[in-house]
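Colleague: What follows is a predicted protein model with its sequence.
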Amino acid sequence: MDINDLRSVATVISLITFLGIVWWAYGVKSNKQRFAEAANLPFADEEADRAELGLSSRNEQRKTS
């Protein structure tokens with residue numbers, strides 16, 4: 001087994017790992033809800049800060065405008 005065989009094996013393992021990550025991110029349907037919730041986490045923190053300070057939420061401000 002020479003260095004070229006080792007490089008080939010490393011390339012195949014890397015490709016399989018990459019495809020596994022792509023499948024996990026885009027192929028598993030249950031992840032869609034989790035990813036949508038995670039995408040809104042920064043905004044949830046902002047809403048919690050506004051509530052703590054006694055300010056109205058942005059949705060309420062838009063309704064009154």
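Modeller: Here it is on my side, so go on. Numbering: from 1, shown residues only.
Colleague: Could you check how far residue 38 is from residue 25?
Modeller: 12 Å (CB to CB, to the nearest Å). C-beta here means a position set from N, CA and C on the backbone, and glycine is covered the same way.
Colleague: Next SSE downstream of the top helix by length along the chain?
Modeller: The longest helix of the chain (DSSP state H) is helix 3-22. Per DSSP states H and E, the first helix or strand lying C-terminal to helix 3-22 is helix 30-39.
Colleague: Other residues contacting that following helix?
Modeller: By CB atoms under 8 Å, 6 or more residues apart in numbering, the residues outside helix 30-39 that reach it are 24-25.
Colleague: just the CA coordinates of it, formatted as CSV?
Modeller: Provided in CSV are the C-alpha atoms of helix 30-39 (Å, rounded to 0.1, in the frame of the first residue of the first chain):
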residue,chain,number,x,y,z
SER,A,30,-37.8,16.2,11.0
ASN,A,31,-34.9,18.6,10.9
LYS,A,32,-36.9,21.2,9.0
GLN,A,33,-38.9,22.2,12.1
ARG,A,34,-35.8,22.2,14.3
PHE,A,35,-33.9,24.3,11.8
ALA,A,36,-36.8,26.8,11.5
GLU,A,37,-36.9,27.1,15.3
ALA,A,38,-33.1,27.6,15.5
ALA,A,39,-33.3,30.2,12.7
